[in-house]
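>>> Build me a model:
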Amino acid sequence: MNSQSASNQTPSLLPFIFAVLGLVWYVVLWSIGLLGCRTGRRRYRLRPRSPLATAPPNAVPGVSILRPLKGLDANLYENLESTFMQEYPNFEIILSVADERDQALPVARDIISKYPSVKAKLIIGEELVGVNPKVNNLIRPYREATHDILWVIDSGVSVAPGTLARSVDLLEPSTPTKLRKNRIALIHHVPFASAPEASLGARIEEAFLNTNHAKMYLAINTVSIESCVVGKSNLYRRSDLERVNGSLKPRAHTESGNDRDRAHGLAAFGNFLAEDNMIASALWHELDLRHDLSCDVAHNAIGKMSLSDYVWRRVRWIRVRKHMVISATILEPFTENIVASSIAAASLRYLFGIPVWIFLVFHHTAWLWVDLDVYESLAGHPLPADRRWRFISAWCLRELLTLPIFFLAVFGNEVVWRGKKYEVLRAGEMKRT
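This is a model prediction of the structure:
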């Protein structure tokens, strides 16, 4: 009698458990999203001028700005000029190209001649330490840099004049805080995209980076339980980097055994596609150091990008992530708007009888509002009215593409980067195919 009663209850108990779990997951996702939104409001809506901007040169740490160049990125001249215009009294700039026939070379020479008072030089020729062309292009500037603090900034990025001073403030605080147990080893800047050419893929990429990506990026770095860094614009110390080897094992464990013979410093990351993320992870796990976000953004001008270009760009990074953080990659589809709202809609209908269509209208309206609020925090102004519907259309298309892109990416290991094919290996390393 009792066993029959238990078997009758089982079918109704399982849907109840799944509905509750679905609702809990939905609440967790909203908590993360609102945390990212709150961080955006508190950190980015006010960007005070650093006192380092007007300090004497000998009173501030020197910084070497390294800018690896490859081809004619969108707004390349303006991007490079933004580093020459930094309000900071003690820095040098090293521009580098791998090939003397590179199209970026005349632009680099023009910008250096325009600012003769800025200590700057141009390095032509790479040093091969791995298959990552960016790392190969950076090795010589990395070794020849005058200062210990390095600011590595992509050629597609421009920054506000006060960015360097505010970043050094965080990396080298004048008054150490008692709340921090671990020293800050890396300062990074959240990407904020613009699509001057307004191609479809560029508009979708802009909508993604400036809303959902930024929201999750801010939230994860606020909680700060794991390294999460995009490498478009990062400051760190060369002396710290020279102590890590990319094994992600605590330093005490790498001073003996096979890891002792591995390369250290920047060269150790020459075989990683996402070398920036690996550098940040190595500082975090090997040296037990931490990262911090500046209140500045890395303005990323997106050039001409077709829908296909956008899809394969997202495929590339999902394939890299699945070899670096498989658990987060598996969870990724469940954090997306359409999947999360579908789970919540089914849960609420089962538990409380709420009509699915009513919930979905409310959900998508609220989700979009939060994303646009994040955009406003990073941009410093609301989304312009004349761009609103184009932006929202791109945002909707991006949401619809997330699952197809994920399933395309997860079954495969080959990626294309700057016209060359690579196979992604264990831990995010790669080899040419």
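>>> how far does the helix or strand where Ala207 lies sit from the chain's center?
For Ala207, the enclosing helix or strand under DSSP states H and E is helix 200-208. Here the centre of mass of C-alpha atoms in helix 200-208, compared against the chain's by C-alpha atoms, centre = their mean, to the nearest Å, lies 16 Å away.
>>> Could I get the average pLDDT for it?
When pLDDT is averaged over helix 200-208, the result is 97.
>>> Buried residues, that helix. List them.
For helix 200-208, the neighbour count (16 or more other C-beta atoms under 10 Å) marks Leu200, Gly201, Ala202, Arg203, Ile204, Glu205, Glu206, Ala207, Phe208 as buried. For every residue, glycine as well, the C-beta is placed using N, CA and C.
>>> So the first one sits against Asp309, correct?
No - with contact defined as C-beta atoms under 8 Å, Leu200 does not count as touching Asp309 (9.5 Å).
>>> Touching the helix holding Ala207 from outside, list them.
The contact list for helix 200-208 (C-beta atoms under 8 Å, 6 or more residues apart in numbering) reads 193-195, 302-311, 313, 390-391, 394-395, 397-398, 401.
>>> Export that helix to PDB, keeping only CA atoms.
Extracted C-alpha coordinates of helix 200-208, given in PDB (Å, rounded to 0.1, in the frame of the first residue of the first chain):
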ATOM      1  CA  LEU A 200      25.500  43.800 -39.500                       C
ATOM      2  CA  GLY A 201      28.100  41.700 -37.700                       C
ATOM      3  CA  ALA A 202      29.700  44.800 -36.200                       C
ATOM      4  CA  ARG A 203      26.400  46.000 -34.900                       C
ATOM      5  CA  ILE A 204      25.700  42.600 -33.300                       C
ATOM      6  CA  GLU A 205      29.200  42.500 -31.800                       C
ATOM      7  CA  GLU A 206      28.600  46.100 -30.400                       C
ATOM      8  CA  ALA A 207      25.300  45.100 -28.800                       C
ATOM      9  CA  PHE A 208      26.900  42.000 -27.300                       C
END
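>>> Quick one: distance of the next helix or strand after it to the chain centre.
Scanning forward in sequence from helix 200-208 by DSSP H and E, the next helix or strand is helix 214-223. Put simply, helix 214-223 sits 10 Å off its chain's centre (C-alpha atoms, centre = their mean).
>>> Buried ones in helix 214-223, by neighbour count?
For helix 214-223, burial by neighbour count (16+ other C-beta under 10 Å) applies to Ala214, Lys215, Met216, Tyr217, Leu218, Ala219, Ile220, Asn221, Thr222.
>>> Likewise for stretch 272-286?
Applying a neighbour-count criterion of 16+ other C-beta under 10 Å, one finds 272-286 buried in stretch 272-286.
>>> Tell me which two of these sit farthest apart.
The span of these, defined through C-beta to C-beta, is set by Leu273 and Glu286 at 19.6 Å.
>>> ok, now how distant is the spatially most central residue of the chain from Thr365?
Residue closest to the average C-alpha location in the chain (C-alpha atoms, centre = their mean): Val230, at 2.4 Å. Look at Val230 and Thr365: by C-beta to C-beta, to the nearest Å, they are 29 Å apart.
>>> for the longest helix seen in the chain, packing partners?
Counting by DSSP state H, the longest helix found in the chain is helix 2-44. Contact analysis of helix 2-44 by 3 or more C-beta pairs under 8 Å, 6 or more residues apart in numbering; DSSP states H and E lists helix 214-223, strand 290-301, helix 326-335, helix 337-352, helix 356-379 as its packing neighbours.
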